[in-house]
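1. The following block contains a protein sequence and its predicted model.
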Amino acid sequence: MGRALVRPRDLLCAVLVAAVYQCLLGVGVSCDPLTSLRVITVATEKTCGYRDFMRSCDVYKLNVTVLGLGDEWQGGDITNFPGGGQKVLLLRAELAKIKAEGFGDVVVMFVDSYDVILTSPADEILEKFYGFNSRVVFGAENFCWPDKQLTGRYPAVSRGKRFLNSGGFIGYASDLYDVTSGADIGADDDDQLFYTKMFLDETTRARHSITLDSLSTIFHNLHGAVDELELRFEGGTSLAHNTAYNTVPAVIHGNGRTKLHLRHLSNYLANKWTPTQGCADCTNDVTQTLDHYPNILLAIFIDQPTPFLRLFFHLVSKLNYPQDKIDLFVHNGAALHSAEVGRFIAASDGYRSVELYTPDPGTTDLAEHVARDTAARRCLQSDQCSYVFAVDSIAQLTHPDTLLMLLQQGKPLVAPMLSRYKKFWSNFWGALDSEEYYDRSDDYLSIVDHSRRGLWDAPFVTHAYLIAKPLLSRLGPGPYSRGRLDADMSFCKSVRDVNECMLVSNQFDYGHLTDPNNYETTHLHNDLYEIFNNPLGWHMQYIHPSYKRNLDTNYDVEMPCTDVYRFPVFTETFCSDLVEEMENYGQWSSGTTEDRRLAGGYENVPTVDIHMNQIGLEQQWLHFIKLYVGPVQQKLYPGYFTRAQAVLNFVVRYHPDEQYYLKPHHDSSTFTINIALNKHGVDFQGGGARFIRYNCSVTDTEPGYTLIHPGRLTHLHEGLPITNGTRYIMVSFVDP
C-alpha cells in the first residue's frame, strides 16, 4: 500500500534538502508554506467544535478555507450512520477552482472541523508530508469502517494502523482533484467508503502514490487509540505525543465515540492552557465593561430542603447587576422553605418582574423537570430575554460579580465552578463513562482545587450556569425532560446533541456548594445544626465578620476588667436563631436548686435555662468552642491549651417576673464564655456581670460578643439584676 512507516532520517533530510533547492531555484515548489499548504474543511454551522478548530488554525496561522457555511447539511446522520458524501462534493468543487488557477505545487490538507484540532504550523505539516515521499497521505485507524467486508483487501502493514480514515488527508491538489473526481458519489453516500474504494484500487493507489499514515505522523484518529496519546508541555507549548510510535501528530481527530475526549483535549491543545502561561483564551471575548446590560431571566430552583437558604437569597440579592434588567423566576419544591421564599419574594420589588412558579398538582413527580422547562420557555417567549441564569438553592454565589463575569465571557453556555467546602464534589463532571454518567477526568482534581485555573470544556454542568437564548432555542422543546433522565442530565445531553460546549470557569472564586445531604429538618432553625456538614455556610451566616481580627497578634482584644476579655464571635442572626430555637423548645428550668438534668439532681447556683443537649446541639457547640473560642483563648491566656470540653452549655433567660439576677459565685470551669444574645437598652434594661474582686462591671455587651474569663478562684462574679424586658445569654463552663 505504499510506504506506511516513518522514513529514515537521512532520507527525510535528503527530501527536505531537495525541496529547499527547488524552492530557491523557483522550480516546482513554493518557499512559503502558507501558500504551499491550503487547509480545507467543511462546516455548515459554527458549532463549538468548529470554533475550537478555527482557533487552532489561527494559533498556527494556517491558511484555511471553510466550505458549506450556511448551507443545508445533506450528508445524513454521520454521528450514528454512514454518510458525508456532501463533503466530497464540496471539496471536488473547490479543487476545480484551484485547477482553474493552476495547481502548481499547492498541497491541500482536508480535515473535518467539528471534531478536529490542529497542533502544528504549515512548515511542520509540510515537512512531515514530504517525508512520506507520497502524493497523497490519508489518516489511518484500527477499524475497517463502514464496510468490514473490505478488511481482507487492505494491504498488510508491519507496524501501526492498517485502515483508512477520511477525517484527515493531505496531498498535492492535482492528485486530490483526480481522486475526488474518480467516481460518482451522492451527498448522503459515505465519504470514507468512497475514499476507501479509491485506495483499495491498486491502479489508483499507484498512480497517485497514496499511502496511509499508520504511525500517526500527521493524523491521529482517537477511536481505538485514546490511550496512545499523551499531553505534554514544553514551556508555553502543548503537545499531543503518540507514545506508541513516538510521533507528534499535527491533526487530532475525535472520530467515533471519542468526541468528548477530544473536547477534553481541546482544553489544552493549540496552547489553550499550559503550566507556564495558564489559560490563553480566558481574556478572549471578554469585554471589560458591558456596552449595555442585557435582560436576564434569573431562574432559582429550590428542589429540596436546603441549608442556609437565607444566605443564598441574601447573596443573590447582592449580585452586582441592575435588578431592573432581571426577571425573577422562583420555583420552590420544598414546603419547608415556604415562609423564607415568601419573605424573599416580598423583598424583591426592585426586579423587572417576579414570578413564583407552582407546577400543576398532576406533575408532582416531574415538578423539577416541568419548572426548569417552564423557565426556559419564559425566556424563549419573551422579546426582552437574552439569557437564562439558572441557579439552584445549593449554589452560594459569594462573588457579587459572578453574573457580570459570566456575561463578559461571551460564551453560549458558561458555569462558575463551585464545589463543596474542602471536598471534590463540584457542579461539573470532567468526563462521562460509556453510559454517559459520571467519570473523572485526569485533570478534575486540579481544576476543583484551583491549581489549574481557566475556562474548561466539560460534558456536564449543573446548579449554576448562564445560557444564551440562541443556544436555548436550538435545544428544542423540553430540554430538561428527555426520557427518564434527571433534569440536569437531560439538559446537558440536549446541549451535547446540538454539538455545543458547556464551559466551566474557575478563573475566580465564585462561591461554593451547600451540601443538602443529612440536613436535619426537625428544628425551628435547622441551620444551627450544620457546623459539621456545611462549615463554610455556618461560618458565613453565623460568625461575626470581625471575628478574624481577634487572632491578629497586633490587635489588642478589649479587656473591660482584669483578665476579662470581650470580643465579637457571632452575628445577630445566630443570636436570634438560638433564642428562638430555645423558646420554641420551651422547657425552661424552674430556676430552683432541684435540677434532674444534673447528676445528683442538685444545682448550687440555679438559673432559668435550657441546656444545649436538650435541643440536640451540644456536639455542634463543643465543636464551635474548639474551632473559634480555643484559638482566641490561647492568644489571651498563653500557655494553656483548651480541651474544648464542657459539661454545662446552656442559654439563660432573665426576666423581672422570674429570675432577674444571679448571686455571687465561682464557675466550675477553667474558663467561662458568656455570650450576649440580645440587645441591652432595647430588649432589656439593667443586667450585666460584676466581678467582685475587681469591683468591675460589664453591662453593655453587644449581641454576638462574648466575655471570656477564668472560672475558679480569681473571678468571683454575679449577674446584675435586669429592670425591664428579657435578657438572654449563652454560657459554657469550659474544661471543668
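-> Yep, that arrived. Predicted model only: the values in this text are computed from it and were never measured. Numbers count the residues shown, from 1 in each chain.
2. Go through the chain and flag its longest strand.
-> strand 163-172 (DSSP state E).
3. pull the CA atoms of that one into PDB?
-> Extracted in PDB, the C-alpha atoms of strand 163-172 (Å, rounded to 0.1, in the frame of the first residue of the first chain):
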ATOM      1  CA  PHE A 163      -7.300   1.000   7.700                       C
ATOM      2  CA  LEU A 164      -8.100   4.400   6.000                       C
ATOM      3  CA  ASN A 165      -9.800   7.200   7.900                       C
ATOM      4  CA  SER A 166     -11.100  10.100   5.800                       C
ATOM      5  CA  GLY A 167     -11.300  12.600   8.600                       C
ATOM      6  CA  GLY A 168      -8.000  14.000   7.600                       C
ATOM      7  CA  PHE A 169      -5.800  13.600   4.500                       C
ATOM      8  CA  ILE A 170      -3.100  15.600   2.700                       C
ATOM      9  CA  GLY A 171      -1.800  15.600  -0.900                       C
ATOM     10  CA  TYR A 172      -1.000  17.600  -3.900                       C
END
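4. Run the chain-centre distance for it.
-> With Cα atoms, centre = their mean, to the nearest Å as the basis, strand 163-172 stands 37 Å off its chain's centre.
5. Identify the neighbouring strands of that strand in the sheet and state each direction.
-> Strand 163-172 has the following strand partners under DSSP bridges: strand 107-111 (antiparallel), strand 136-141 (antiparallel).
6. want to throw those strands into TSV with mean neighbour count?
-> Bear in mind the C-beta positions are built from the backbone N, C-alpha and C, glycine included. Output for these, formatted as TSV (neighbours: other Cβ atoms under 10 Å):
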stretch	mean neighbour count
strand 107-111	25
strand 136-141	27
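7. I'd like to know the average pLDDT value across the longest strand of the chain.
-> In this model, strand 163-172 has a mean pLDDT of 98.
8. and if you look at stretch 386-401?
-> The average of the pLDDT scores along stretch 386-401 is 98.
9. Need the CA coordinates for it. CSV is fine.
-> These are the backbone C-alpha positions of stretch 386-401, laid out as CSV (Å, rounded to 0.1, in the frame of the first residue of the first chain):
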residue,chain,number,x,y,z
SER,A,386,-31.3,37.4,26.3
TYR,A,387,-30.0,34.9,28.8
VAL,A,388,-31.2,32.5,31.5
PHE,A,389,-29.1,32.4,34.6
ALA,A,390,-30.2,29.2,36.3
VAL,A,391,-29.2,28.9,39.9
ASP,A,392,-30.0,26.1,42.3
SER,A,393,-30.5,26.9,46.0
ILE,A,394,-27.4,25.0,47.0
ALA,A,395,-25.2,27.3,44.9
GLN,A,396,-23.9,30.0,47.2
LEU,A,397,-22.6,32.8,44.9
THR,A,398,-20.3,34.7,47.2
HIS,A,399,-18.6,36.7,44.5
PRO,A,400,-21.0,39.6,43.7
ASP,A,401,-19.7,40.0,40.2
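10. Okay, buried residues for it please.
-> By 16 or more other Cβ atoms under 10 Å, the buried positions in stretch 386-401 come out as 386-397, 399.
11. cool, stretch 540-551 as well?
-> Under the neighbour-count criterion of 16+ other Cβ under 10 Å, stretch 540-551 has Met540, Gln541, Tyr542, Ile543, His544, Tyr547, Asn550 buried.
12. Relative to Asn695, which of the strands paired with strand 163-172 is closest?
-> strand 107-111 (88.8 Å; Cβ to Cβ).
13. Let's verify Gln614: helix, strand, or coil?
-> For Gln614, the assignment made with DSSP: H, G, I helix; E, B strand; the rest coil gives helix.
14. For burial, what's the neighbour tally of it?
-> 17 (other Cβ atoms under 10 Å).
15. ok, now how distant is it from Phe219?
-> Distance, Gln614 to Phe219, by Cβ to Cβ, to the nearest Å: 72 Å.
16. which residues touch the residue most central in space within the chain?
-> Against the mean C-alpha coordinate of the chain, by Cα atoms, centre = their mean, the closest residue is Met417 at 2.8 Å. For Met417, the contact set (Cβ atoms under 8 Å, 6 or more residues apart in numbering) comprises Ser426, Asn427, Phe428, Ile447, Val448, Trp456, Val504, Ser505, Asn506, Tyr510.
17. Repeat that for Ile40.
-> Counted by Cβ under 8 Å, 6+ apart, Ile40 has contacts Val64, Thr65, Leu67, Leu91, Glu94, Val108, Met109, Phe110, Val111.
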